[in-house]
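Participant: all I have is the shape, not the residue letters:
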């Protein structure tokens, strides 16, 4: 399919006109792009939902304390699963603030606690710093740490883009070497899963929010090892993986990477829900103020999470 025949939703057209006028990430140093990403989210993302508990804390990591943010729509609760959230941003940008509103949405709509992880970023900390931190945070969470005041019965990892990569890498690690609480679900939103440079990466190389040039810039800083399943999880086995949700966007350079991951999970016999959002850009779950259709698509993903969590 060519870009000229791809569906583009009406609200997405206006959004793209805005973002296409902004400086491309590859033209900026990492610190400048981090600041710009936070400003963009403040303009495009929905307001955070009220929470009974929002607490910043840290857990031990392989290179020092890992910043975390804990959310719960309830003051207290009985033992329950916890959602473990990894922000996106190409392993270079993004933080606890850029995805704060989405974490509150997940806690409010799922009626579950959420723990967001701010893993180390490139270029200061290239691969494998990010997956190392995410696995450490997951194992800490699974131990029902006293700092959270919750008994954790299982984990559901979730993230978008680079966060989707880290969500499945972490899930794979915990399925291979189980933690104190089991993996219940992985939710991969428009994930980066392989090194591919063809297909949707070329069809949507520019003009659709995420660009191929931006991905090249991110990976030049992240320095992943080609073929390493902790860098490119499509190379990992899908055998024995937990139930999974994979969501892709119709105008996304990473669309084919998500499709291939979903197909691999299905072929391995994993309970998998695949959601494709036609006419939508990458990173749509954090553009819910700017795009009504993105808010509706995000609600569908959360509904799928509710369904899948009732089946485990």
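Facilitator: Looks like it arrived, so ask away. Note that this is a predicted model, so its numbers are computed, not measured.

Participant: give me the phi and psi for the closest residue to residue 215 other than its chain neighbours.
Facilitator: Excluding the flanking residues, the one nearest residue 215 by CB to CB, 6 or more residues apart in numbering is residue 253, at 6.5 Å. Yep, even glycine has a C-beta here, placed from its N, CA and C like the rest. Note on residue 253: its backbone torsions stand at phi -60, psi -30 [degrees, to the nearest 10].

Participant: got the contact list for residue 253?
Facilitator: Shown in contact with residue 253 (CB atoms under 8 Å, 6 or more residues apart in numbering): 200, 201, 203, 204, 205, 208, 210, 211, 212, 215, 282.

Participant: repeat for residue 240
Facilitator: Residues in contact with residue 240 (CB under 8 Å, 6+ apart) are 175, 176.

Participant: now do 10 Å
Facilitator: 172, 175, 176, 183, 268, 269, 270 (CB atoms under 10 Å, 6 or more residues apart in numbering).

Participant: next one: the third one from residue 135, what distance?
Facilitator: From residue 176 across to residue 135, the span is 10 Å (CB to CB, to the nearest Å).

Participant: who's more crowded, those two?
Facilitator: Higher neighbour count among residue 176 and residue 135: residue 135, with 24 against 12, using other CB atoms under 10 Å.

Participant: what sits closest to that one if chain neighbours are left out?
Facilitator: residue 173 (4.8 Å).

Participant: now for the host helix or strand of the one you found, which elements pack on it?
Facilitator: Counting by DSSP states H and E, the element that carries residue 173 is helix 162-176. Helix 162-176 is packed against strand 80-86, strand 114-117, helix 129-142, strand 152-160, strand 183-189, helix 212-222, strand 244-249, helix 255-267, with contacts defined by 3 or more CB pairs under 10 Å, 6 or more residues apart in numbering; DSSP states H and E.

Participant: point out where this protein drops to low pLDDT.
Facilitator: Scanning the chain for pLDDT under 70 picks out 1-5, 22-27.

Participant: tell me who's in contact with residue 278.
Facilitator: Contacts of residue 278 (CB under 10 Å, 6+ apart): 6, 7, 8, 9, 248, 249, 250, 251, 297.

Participant: separation between the residue nearest to residue 294 when sequence neighbours are not counted and residue 107?
Facilitator: Of all residues not flanking residue 294 in the chain, residue 284 sits nearest, at 4.1 Å (CB to CB, 6+ apart). Going from residue 284 to residue 107 by CB to CB gives 20 Å.

Participant: so how many other residues sit close to residue 136?
Facilitator: Neighbour count for residue 136, taken as other CB under 10 Å: 19.

Participant: returning to what we had before: and the residue nearest to residue 135, how far from residue 138?
Facilitator: Per CB to CB, residue 173 is found 8 Å from residue 138.

Participant: these two - which one has more neighbours?
Facilitator: It is residue 138, of residue 173 and residue 138, that has more neighbours when counted by other CB under 10 Å, with 27 against 20.

Participant: cheers, nothing more for now.
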